Every structure is written in C-alpha cells, then in structure tokens.
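S.K.: when you get a sec, could you give me coordinates for this:
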Amino acid sequence: MLNTILSFFQEHEQIIYIVVLMIFLGIEIIGKVPSVLHTPLMSGANAIHGVVIIGAIIVMGKAETDNYLALILGFLAVIVGTLNVVGGFVVTDRMLEMFRAKKPNAKKEN
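M.R.: Reported below is the predicted structural model:
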C-alpha cells in the first residue's frame with residue numbers, strides 16, 4: 001500500500017509540483033484583487049464551472065448502468081456545478097444592482 005502511494009508520487013512528481021505552485025499563485029493573485037472587482041471576478045470563475053457540468057454529463061453518459069458510484073458522483077457534480085454557476089451570477093447581479101442609478105421617486109401629489 002505504502003509502496004503504491006510512493007510510486008504514484010514519484011511518477012507524478014512534476015504534476016504535483018505544478019499543482020502546488022498553481023495553488024500559491026492563485027492565492028497571491030486573488031489576494032491582490034481589489035474588493036470592488038472581487039465579486040465579478042469570482043462570478044466569471046464560477047461560470048467556468050459550466051465545464052464541470054459538461055464533464056459530469058459526459059461521465060454519466062459513458063458510465064455503465066451498474067456503476068452506481070460514477071452515476072451518483074456525476075449527478076452530484078451536475079447539481080453542485082449548476083448551483084455554483086447560478087449562484088455566481090446571482091451574486092454578481094446583486095452587486096451590480098448597487099451601482100445602478102436610482103430611479104427618481106414620483107413627486108407626491110398634495
């Protein structure tokens with residue numbers, strides 16, 4: 001068991017380094033984003049989760065009918081990805097609503 005894990009890390013050492021560096025780079029980039037731009041940036045990132053939805057649908061479509069694990073994980077990925085996409089757009093819409101000009105109130109009749 002331990003040899004299997006160690007051999008996996010040895011075979012994929014470069015990919016593991018790249019993933020760790022991407023994590024640190026992502027933290028640094030997001031940390032430098034001004035708070036005004038943070039919500040639209042995250043909404044755009046959430047929209048990328050459409051790829052997750054498509055991938056999950058493909059996994060579910062190619063899974064065998066008796067492979068319940070793949071079907072359940074694919075279904076959960078579709079649900080969570082959809083919630084993430086919709087939630088990102090809802091948050092962005094609410095934030096942009098704050099910057100829209102207020103409609104003038106109708107004058108009160110005496």
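S.K.: let me know whether Gly55 touches Ala77 as I believe.
M.R.: Yes. With contact defined as Cβ atoms under 8 Å, Gly55 counts as touching Ala77 (7.4 Å). (Each C-beta comes from the backbone N, C-alpha and C, glycine too.)
S.K.: more neighbours, the two?
M.R.: Comparing Gly55 with Ala77 by other Cβ atoms under 10 Å, the one with more neighbours is Ala77, at 18 against 15.
S.K.: buried ones in the helix or strand containing that one, by neighbour count?
M.R.: Per DSSP states H and E: Ala77 is located in helix 68-99. Neighbour counts using 16 or more other Cβ atoms under 10 Å place 74, 77-78, 81, 84-85, 88, 92 of helix 68-99 among the buried residues.
S.K.: pick out whichever of those residues sits closest to Tyr17.
M.R.: Ala77 (26.8 Å; Cβ to Cβ).
S.K.: so what's the residue most central in space within the chain closest to, chain neighbours aside?
M.R.: When the chain is reduced to its mean C-alpha position, the nearest residue by Cα atoms, centre = their mean turns out to be Asn46, at 4.1 Å. Nearest residue to Asn46, sequence neighbours excluded (Cβ to Cβ, 6 or more residues apart in numbering): Gly88, at 2.7 Å.
S.K.: per the record, what domains does the chain have?
M.R.: Domains of the chain are assigned by automatic domain parsing as 1-32, 36-97.
S.K.: mean pLDDT lowest for which of these?
M.R.: Note on the domains of the chain: lowest mean pLDDT is at domain 36-97, with a mean of 82.
S.K.: how far off centre is that domain?
M.R.: 6 Å (Cα atoms, centre = their mean, to the nearest Å).
S.K.: and stretch 1-11, by the same measure?
M.R.: 30 Å.
S.K.: what's the answer for stretch 85-98, then?
M.R.: On Cα atoms, centre = their mean, the centre of stretch 85-98 falls 14 Å from that of its chain.
S.K.: nothing else from me, thank you.
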